[in-house]
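Asker: A structural model of the following input is requested.
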Amino acid sequence: MAIIKSLRGFTPAFGKDCFLADTAVVVGDVIMGDSCSIWFNSVIRGDVHYIRMGNKVNVQDGAIIHCTYKKAPTEIGNNVSIAHNAIIHGCTIHDNVLIGMGAIVMDHAVVHSNSIIAAGALVLENTIVESGSVYAGVPAKKVKEINPELVVGQINRIADSYIMYAGWYQEGK
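Answerer: Predicted coordinates for the structure are as follows:
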């Protein structure tokens, strides 16, 4: 069973139809919307600032979401996929975003809607990721514009798939 821990007077809150894997950890001032999934060995730690997540967010295996004490909360929009072993720290991620495997998004960065952060990318502090772009590299830089087919073919497909995967685990309830 997932570890859900109250801390400093804050208890995590979950929307409807959320899935938390057995080894997921959610602590403190965390509020997530509907149809979210938090996968194995992922950690969402709202101990030093707040974390807000919209609807249809998936936090894949080993990903970490955290903040900076009194300085940088984390805000995540709707239809966002945070892939395996990514680190999201004290930043803002808007709607329809894919954060690739092993990517890192640092404090005060803003990832605008309909964007992809490539696997292994490092989005430095205060970086503004343009809407409709792919950012890649260390440090991450814009490498191309996203065409509408990529939004449907990658961003929406992955987010929708994780709702389906979560359903497989919830069928046995």
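
Asker: just for the protein, where's the confidence low?
Answerer: 172-173 (pLDDT under 70).

Asker: Tell me the buried residues in the lengthiest strand in it?
Answerer: Ranked by residue count under DSSP state E, the longest strand found in the chain is strand 43-53. Residues of strand 43-53 classed as buried by neighbour count (16 or more other C-beta atoms under 10 Å): Val43, Ile44, Arg45, Gly46, Asp47, Val48, His49, Ile51, Arg52, Met53. Quick note: C-beta positions are derived from backbone N, CA and C, even for glycine.

Asker: The second one reaches Val27, doesn't it?
Answerer: Yes. The pair Ile44 / Val27 is scored as a contact, 7.2 Å apart, by C-beta atoms under 8 Å.

Asker: Mutual contacts of the two, please.
Answerer: Pro12 (C-beta atoms under 8 Å, 6 or more residues apart in numbering).

Asker: Which parts of this structure are helices?
Answerer: 148-150, 157-170 (DSSP state H).

Asker: among the ones you listed, which is nearest His84?
Answerer: Among the helices of the chain, the nearest to His84 by C-beta to C-beta is helix 157-170 (11.6 Å).

Asker: What is the closest one packed up against?
Answerer: strand 19-20, strand 37-38, strand 57-59, strand 80-82 (3 or more C-beta pairs under 8 Å, 6 or more residues apart in numbering; DSSP states H and E).

Asker: so what's Ala121 closest to, chain neighbours aside?
Answerer: Ala140 (4.1 Å; C-beta to C-beta, 6 or more residues apart in numbering).

Asker: ah, wrong one, I meant Ala13
Answerer: Closest residue to Ala13 apart from its sequence neighbours, by C-beta to C-beta, 6+ apart: Ile31 at 4.7 Å.

Asker: Make sure the one you found is actually in contact with Val57.
Answerer: No. Under the criterion of C-beta under 8 Å, Ile31 makes no contact with Val57, lying 11.4 Å away.

Asker: Comparing these two, which residue is more hemmed in?
Answerer: Neighbours per residue, other C-beta atoms under 10 Å: of Ile31 and Val57, the larger number sits with Val57, 27 against 16.

Asker: I figured that one hits Asn78, correct?
Answerer: Yes. Taking C-beta under 8 Å as the definition, Val57 is a contact partner of Asn78 at 7.3 Å.

Asker: Now list whatever residues contact both of the two.
Answerer: Gly33.

Asker: Can you tell me who the residue nearest to Ala13 pairs with across the strands?
Answerer: Per DSSP bridges, the residues bridged to Ile31 are Ala13, Arg52.

Asker: quick one, what contacts Ile104?
Answerer: Ile104 neighbours (C-beta under 8 Å, 6+ apart): Ala86, Ile87, His89, Ala121, Leu122, Val123.
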